[in-house]
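In: I would like to see how this sequence folds:
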Amino acid sequence: MGNADYVYPSMNVEQTHHVAIPPSQPFIKSLKNQLKETFFPDDPLRQFKGQPARKKFFLGLQYLFPILEWGPKYTLDFFKSDLIAGITIASLAIPQGISYAKLANLPPILGLYSSFVPPLIYALMGSSKDLAVGTVAVASLLTASMLGKEVNAAENPQLYLHLAFTATFIAGVFEALLGIFRLGFIVDFLSHATIVGFMAGAATVVCLQQLKGILGLEHFTHGTDIISVMKSVFSQTHQWRWESAVLGCCFLFYLLIARYFSKKRPNLFWISAMAPLTSVVLGSLLVYLTHAEKHGVQVIGHLKQGLNPASITDLAFGSPYLSTAIKTGIVTGIVSLAEGIAVGRSFAMFKNYHIDGNKEMIAFGMMNIVGSCTSCYLTTGPFSRSAVNFNAGCKTAVSNIVMAIAVMVTLLFLTPLFHFTPLVVLSSIIIAAMLGLIDYEAAIHLWNIDKFDFFVCLGAYVGVVFGSVEIGLVIAVSISLLRVLLFVARPRTVVLGNLPNSKVYRNVEQYKNTSNVPGILILEIEAPIYFTNASYLRERITRWVDEEEDKLKSTGETNLQYVILDMSAVGNIDTSGISMLEEVQKTLDRRGLKLVLANPGAEVMKKLDKSKKIEKIGKEWFFITVAEAVGACSYMLHSYKPNEAPNDSDNWSNNV
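Out: As a prediction, this is how the structure comes out:
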C-alpha cells in the first residue's frame, strides 16, 4: 500500500451532509421496541391485526393447532402418500422404540407406548410436515446416565420408572414454557459445531455400550466414558458369548449393507427402513426355532399387551430425588429440542416451507407432558425416522397418525410375537442407527472452514467420550460461549485504504491495490462498543496510531494529522464506550492529532448527544461517509499549515 498514486478528492463544502441526531424516544417506548425485537422478531400477532373477534379466536386456534389450517385442504392423494410413509416409519419405529427403551434402562414396552401417544399430539400441534416423532438414542442415554447415578434401575425399577416419567414431565413443561415465552433463542447457544461433536460423541458412547448386548454380558458398568466401558468389556472376557457375538455381527452387517444400498440409490430407501423390523422378525424366528435362549442368547421376554396405562399418579414430585429428575428433564429437554427443531428446519428447507421454532417448542412440550401422564418417556423428532418419512413421500403430519395407529395395533395384538426377539438384534439396530450420527464429513468441513468451530466440535466429542454426556455438553456450550465473548471483547479493527479511481475505502489487507491517504489514518471498528471491549479498543487504536506514525517517519512521508474512525458497524455503544472515545480524543489531542467519526449509527449519535460528547468532539467532525470525512480532512490539510489544521476548527465549521 502506498500513497504515490493517491488523488486528493475535490471538496465541495456545500455537498457535505451532516450526521443527524435521531429524535429522543420515551424509555418505555424504547424498551417496548427492544423487547419486541428480542421476543417477537417474526411478528406473530400480525395476522390478528384488524380482524374481528371471532376471526381472531379462530386464528388463535389455528396457531395452536395447525391441523385446523391444513386439515380442510387435505386430499385423498395426500392420504395415499401419508399412508405409505406412516406404515414405513412404523416398521422402523417399533424396533427402534424397543431398543431405545432398553438403552434408557426402561421396560421395552415403554418404547412402543412412546411411539403411540406423542405422535398423535404432534400431528395436532406440530408445524412440520416431515418430522416423525419418537424416542431418540441420545435422550435415552442421558436419561440412563443421569438418573442411573442416583437410582439403580435393576435394584429399584419402580422408583427409576417414576423418576423417568417425572423427568419427561419436567422436560415437557420446560419446552412448552420456552415456546410460550418466546425464549427459543436459548437453544441457539447449541451451535452447529456443538451439535455435530455432541451427537458424534453420544453415538460413540451408545455404540460402545451396546457391546454388552453383542457379547451377551449380564453385568456391565454404569459409566458412559470409554475407559469405564472398555475396562468392563475386557475384564469379563471369560463371560463373552460367541453365539451372541456371531449373531450380532451378522445382523449388524445386514443393517449396514441395507443402509449402504439405500444411500447409493435413494429410491430404495425402503430397504434401509424395513431392515430393523426384518432383523427383529428373522432374529425372533431363529431363536424360536433353535432355542438359542438356552445357549446364552438373551431375549426380550414377555411384553405387556394393551394400550398405554395412565401414569399421572406415578409422577414422583414428593421423591427425595426430585432435583435429579428436574436436572435430567431440563438437560434432555434442551438436547431433544435442539435435535428436533434442527431436523424439522432441515427438511422444511428442502420443501420450501417455514416452521415456527417457538410453536414447535410448544408442540414438543405438550406431547411430552401428555406422554409423561400416559406411560411415555421423552420424545422428539429423530433424524433417522424423519429422513425415512421424508424419503417415503409424506405430505403432512398425518403420517405420524398412521404410524401411531400401526403401533396401536401392535400393542393390542402383536406384542407376544416379540417374546423371542434377541437383545443382540436390538443392540445391532442401535449401533447401525448411531453410526449414521458420526458425521466425520461435517467435522472435516468444519476444519476446512473454521478451525475454532472444529475445536468446539472436538471439545464436545472428547468431553462426551472421555467424560460423560453432561460434561461434553457443558464443554461444548462453554467453548461456544467463550467464542461469543471473544468476538465481543476483542472486536476486529482494520485499516482502510482508497480503491483506485473511486471514493470507496476498504480493508487494506483484503484489497492489496488500495492506497493510503497522506496525513490521514482510517480505522474501521467492526463491532458494537461495550464495557467488555472499550479498554481493548482504546489500546488497539493507540497502537494503530503508533504504528502508522513510525511507518511515516521511516519513509519520510507526510506527518499524521487525522484519525478517522469508520463506525458503520458500531450498532450500539454504552457509557464505557463513550468514555473510551473521550479518552481516545484526549490522547490524540495531546499528540496534535484530530479525531474524526464517520457514519455513526442512530443509537450511537443518540447516546453521544445525551452525554454531551458531540460538542466535545466537535459536531463538524462527524461525517456520513468515509469519503466525505477524507475530503474534509484533505481540504484542511491543503488550506492550513499542518500544525494549525487539527485545532483550527472554527474556520472549518464556519465554511461547513
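
In: next, the nearest residue to P157 once chain neighbours are set aside: phi, psi?
Out: Spatial nearest neighbour of P157, chain neighbours left out: P107 (7.9 Å); criterion: C-beta to C-beta, 6 or more residues apart in numbering. C-beta: built from backbone N, CA, C; applies to glycine. The phi/psi pair for P107 (degrees, to the nearest 10) reads phi -60, psi 140.

In: count the residues that sit near P107.
Out: By the criterion of other C-beta atoms under 10 Å, P107 has 19 neighbours.

In: is it in contact with Q158, as I believe?
Out: No - assessed by C-beta atoms under 8 Å, P107 is found out of contact with Q158, at 10.7 Å.

In: leaving out the residues flanking it, which one is nearest to I578?
Out: Spatial nearest neighbour of I578, chain neighbours left out: S611 (5.1 Å); criterion: C-beta to C-beta, 6+ apart.

In: helix, strand or coil for A433?
Out: Assigned state for A433: helix (three-state reduction, DSSP: H, G, I helix; E, B strand; the rest coil).

In: so what's the closest residue to L215 other than its chain neighbours up against?
Out: Nearest residue to L215, sequence neighbours excluded (C-beta to C-beta, 6+ apart): W240, at 4.7 Å. By C-beta atoms under 8 Å, 6 or more residues apart in numbering, the contact set of W240 is 215-217.

In: what's the closest of those to D450?
Out: For the contacts of W240, the residue nearest D450 by C-beta to C-beta is L215; the value is 40.1 Å.

In: verify the stated contact: the closest one with A245.
Out: Yes - the pair L215 and A245 passes the contact test of C-beta under 8 Å, sitting 5.7 Å apart.

In: more crowded one of those two?
Out: L215 (20 against 16).

In: from M361, how far out is the more buried one?
Out: 40 Å (C-beta to C-beta, to the nearest Å).

In: same check on N352?
Out: Applying C-beta to C-beta to N352 and M361 gives a distance of 23 Å.

In: settle it for me: which of the two has more neighbours?
Out: Of the pair N352 and M361, M361 is the one with more neighbours under other C-beta under 10 Å, namely 27 against 6.

In: and the more buried one, what does it touch?
Out: 175-176, 178-179, 184, 337, 341.

In: excluding chain neighbours, what is closest to it?
Out: Nearest residue to M361, sequence neighbours excluded (C-beta to C-beta, 6+ apart): G179, at 3.1 Å.

In: state the distance from that neighbour to V508.
Out: Noted for G179: a distance of 47 Å to V508, by C-beta to C-beta.

In: what helices or strands is the one helix or strand K327 maps to leaning on?
Out: Here K327, judged by DSSP states H and E, is contained in helix 322-351. With contacts taken as 3 or more C-beta pairs under 8 Å, 6 or more residues apart in numbering; DSSP states H and E, helix 322-351 sits against helix 137-148, helix 157-180, helix 192-209, helix 357-372, helix 383-391, helix 469-489.

In: nearest to I89, out of those helices?
Out: Taking those one by one with C-beta to C-beta, helix 383-391 is closest: 5.0 Å.

In: other residues contacting that closest one?
Out: 85, 88-89, 92-93, 96, 130-134, 266, 269, 272-273, 339, 343-344, 347, 350, 399, 433, 436-437.

In: how about the contacts made by the nearest residue to G329 once chain neighbours are set aside?
Out: Nearest non-adjacent residue to G329, counting by C-beta to C-beta, 6+ apart: I170, 2.9 Å away. For I170, the contact set (C-beta under 8 Å, 6+ apart) comprises 325-326, 328-330, 333.

In: check what pLDDT I170 gets.
Out: pLDDT for I170: 97.

In: what distance do you get for it to V462?
Out: Taking C-beta to C-beta, one finds I170 at 29 Å from V462.

In: next: L45.
Out: To V462, L45 is 45 Å away according to C-beta to C-beta.

In: and the two? which has more neighbours close in?
Out: A side-by-side neighbour count of L45 and V462, using other C-beta under 10 Å, places V462 first with 17 against 12.

In: who are the contact partners of the more buried one?
Out: Counting by C-beta under 8 Å, 6+ apart, V462 makes contact with 201, 472, 475.

In: and it, what pLDDT?
Out: At V462, the model reports a pLDDT of 91.

In: isn't I525 up against P491?
Out: Yes - in this structure, I525 is within contact of P491 by C-beta under 8 Å, at 6.5 Å.

In: find the residues that touch each one of the two.
Out: Residues touching both I525 and P491 comprise L537, with contact defined as C-beta under 8 Å, 6+ apart.

In: where does L565 sit: helix, strand or coil?
Out: Three-state assignment for L565 (three-state DSSP): strand.

In: run a quick neighbour tally on it.
Out: 23.

In: contacts only, for it.
Out: By C-beta under 8 Å, 6+ apart, the contact list for L565 reads 523-525, 541, 595-598.

In: how much space between I525 and T493?
Out: Going from I525 to T493 by C-beta to C-beta gives 6 Å.

In: comparing those two, which shows the higher neighbour count?
Out: A count of neighbours by other C-beta under 10 Å puts I525 above the other of I525 and T493, at 21 against 18.

In: contact partners for that one?
Out: Taking C-beta under 8 Å, 6+ apart, we find I525 in contact with 491, 493, 537, 565-567, 569-570.

In: could you redo the residues you listed as JSON lines and give each row pLDDT?
Out: Output for the contacts of I525, formatted as JSON lines (pLDDT from 0 to 100):
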{"residue": "P491", "pLDDT": "89"}
{"residue": "T493", "pLDDT": "91"}
{"residue": "L537", "pLDDT": "94"}
{"residue": "L565", "pLDDT": "95"}
{"residue": "D566", "pLDDT": "95"}
{"residue": "M567", "pLDDT": "93"}
{"residue": "A569", "pLDDT": "91"}
{"residue": "V570", "pLDDT": "92"}
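
In: got phi/psi on V504?
Out: Per-residue torsions, V504: phi -100, psi 140 (degrees, to the nearest 10).
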